[in-house]
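Colleague: Only the shape, not the letters, is given here:
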């Protein structure tokens, strides 16, 4: 229980602060003359670095213990936020908001935290526990996005970045209590990390999860960063956009929990497919109705129900198929797919906005990708690949 609580707290702060970055796009752009394409590139870099280092942090956690990976990541996260406060050129923005914060997120979010949580609970409770930890990311989004808006309004963007860096740093002592290396189960034949990785890469279902997870990243990164600016462009206020992002987090607190809960009882791949298709319906709703505060909040609530429900289902499938010994490494590799999609979501959002003057093309692309992602999940073979130990 302690591991679940502490892991969830770290995810609350890591994911909650990440969700505030869209609020900084306009004030930082005005202060430094950066267009949305520049800011989008910084966070596209962040997402790719996050994905690459999720593999690195997952490997460190599997070999040397999760506590070390988490501690290094928290330090990088706090340094990146503080460095962003003093960034005045594009390359400094890319280094701080892109590289340092990307490394920080790699070790404080799902690829490292969820395998730690899964190993700490009985098998019958694993899916639910991962759903609770995933819901922590959404709870952080609900709590910290309005806090970030308040901090910007009260202390300006520079003071807000100081405050957020201190919030991240407060999580550093928690890494001590999550230390320890995973061990092989007594009833399965132990594989080396290389054998586990090669086996996963040869598995067609693993590739399906990789590319469907990329669509998840496309949706969440684009909406988190660009939705506040989109609603302002359409005549609503920045406060409407901030509340919509917070509302996504609130509803996903329930959505992630129930995704994990249902994943322990029903087919995870089918739940995952319907999650993606439901997202596509939400995007079509947004595009087909006049944008008012009410329709915006309905969209946010609907998307929130399916926002991070993909996480316990995807990582639960990896644990079911390949076991938990190298779950952080294999989860990190799949998470790279998520971050490839995140890169494209934030980068295309800014790029196509500059080229066309609107976000419409990206919204329609997101709806089409939701259909594709659901179709990719259906052929996934859920049976365990881990072989019993020899007698």
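Modeller: Now that the structure is in, tell me what you want to look at. Since the structure is predicted, the reported quantities are computational estimates derived from the model, not experimental observations. Residues are numbered from 1 along each chain as shown.
Colleague: Need the pLDDT of residue 190.
Modeller: Per-residue confidence for residue 190 comes out at a pLDDT of 55.
Colleague: Next: the one 3 residues further on.
Modeller: According to the predicted model, the pLDDT of residue 193 comes to 75.
Colleague: need the contact list for it.
Modeller: Applying C-beta atoms under 8 Å, 6 or more residues apart in numbering to residue 193 gives the contacts 59, 62, 63, 326, 329. C-beta here means a position set from N, CA and C on the backbone, and glycine is covered the same way.
Colleague: Next one: it from residue 200, what distance?
Modeller: Using C-beta to C-beta, to the nearest Å, one gets 11 Å for the distance from residue 193 to residue 200.
Colleague: Among the contacts of residue 193, which one lies nearest to residue 124?
Modeller: Relative to residue 124, the closest of the contacts of residue 193 is residue 326; by C-beta to C-beta it sits at 22.1 Å.
Colleague: dump the residue contacts of the spatially closest residue to that closest one that is not a sequence neighbour.
Modeller: Leaving aside its sequence neighbours, residue 326 sits nearest to residue 196 (C-beta to C-beta, 6 or more residues apart in numbering; 4.4 Å). Contacts were defined as C-beta under 8 Å, 6+ apart; by that measure residue 196 touches 322, 325, 326, 329, 330.
Colleague: can I get the residues you listed in TSV with pLDDT?
Modeller: Formatted as TSV, the contacts of residue 196 follow (pLDDT from 0 to 100):
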residue	pLDDT
322	83
325	77
326	79
329	84
330	87
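Colleague: From these, list the buried ones, please.
Modeller: Of all the contacts of residue 196 considered here, the ones buried according to neighbour count by 16 or more other C-beta atoms under 10 Å are 322, 325, 326, 329, 330.
Colleague: Wasn't the second one part of a helix?
Modeller: The reference is to residue 325. No - according to DSSP: H, G, I helix; E, B strand; the rest coil, residue 325 belongs to no helix; its state is coil.
Colleague: Quick check: residue 28 vs residue 16, distance?
Modeller: Per C-beta to C-beta, residue 28 is found 19 Å from residue 16.
Colleague: what about these two, which has more around it?
Modeller: Neighbour tally, residue 28 and residue 16, criterion other C-beta atoms under 10 Å: the higher count belongs to residue 16, 25 against 22.
Colleague: May I see the buried residues of stretch 152-167?
Modeller: Buried residues in stretch 152-167, defined by neighbour count with 16+ other C-beta under 10 Å: 152, 157, 160, 161, 163, 164, 165, 167.
Colleague: Those residues: which two are farthest apart?
Modeller: Distance extremes for the buried residues of stretch 152-167: the farthest pair is 157 and 167 at 15.4 Å, using C-beta to C-beta.
Colleague: The helix or strand in which residue 135 is found - what's its average pLDDT?
Modeller: Counting by DSSP states H and E, the secondary-structure element that holds residue 135 is helix 126-169. Helix 126-169 shows a mean pLDDT of 86 in the predicted model.
Colleague: list the buried ones in whichever helix or strand comes after it?
Modeller: Next helix or strand after helix 126-169 toward the C-terminus (DSSP H and E): helix 193-201. Of the residues in helix 193-201, those buried by neighbour count under the rule 16+ other C-beta under 10 Å are 196, 197, 199, 200.
Colleague: what sits against the last one?
Modeller: Under the criterion of C-beta under 8 Å, 6+ apart, the contact partners of residue 200 comprise 206, 322, 330, 333.
Colleague: which other residues reach stretch 335-347?
Modeller: Surrounding stretch 335-347, the residues in contact under the criterion C-beta under 8 Å, 6+ apart are 40-41, 43-45, 47-48, 50-52, 54-55, 110-111, 209-211, 213-222, 225-226, 362, 366.
Colleague: Let's see which of these end up in helices.
Modeller: Taking DSSP state H, the ones among the contacts of stretch 335-347 that sit in helices are 40-41, 43-45, 47-48, 50-52, 54-55, 110-111, 209-211, 213-222, 225-226, 362, 366.
Colleague: coming back round to it: what subset of the contacts of stretch 335-347 is buried?
Modeller: Buried by 16+ other C-beta under 10 Å: 40-41, 43-45, 47-48, 50-52, 54-55, 110-111, 209-211, 213-222, 225-226, 362, 366, out of the contacts of stretch 335-347.
Colleague: Adding secondary structure, write the contacts of residue 200 out as a markdown table.
Modeller: As requested, the contacts of residue 200 are arranged in a markdown table below (three-state DSSP):
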| residue | secondary structure |
| --- | --- |
| 206 | helix |
| 322 | helix |
| 330 | helix |
| 333 | helix |
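Colleague: Does residue 13 lie in a helix or a strand, and which?
Modeller: Using DSSP H and E, residue 13 sits in helix 2-18.
Colleague: Okay, buried residues for that helix please.
Modeller: Residues of helix 2-18 classed as buried by neighbour count (16+ other C-beta under 10 Å): 3-4, 6-18.
Colleague: Looking at these, which is nearest residue 103?
Modeller: residue 14 (11.9 Å).
Colleague: can you pull the contacts of the closest one?
Modeller: Contact analysis of residue 14 by C-beta under 8 Å, 6+ apart lists 77, 104, 105, 108, 109, 137, 140, 168, 171.
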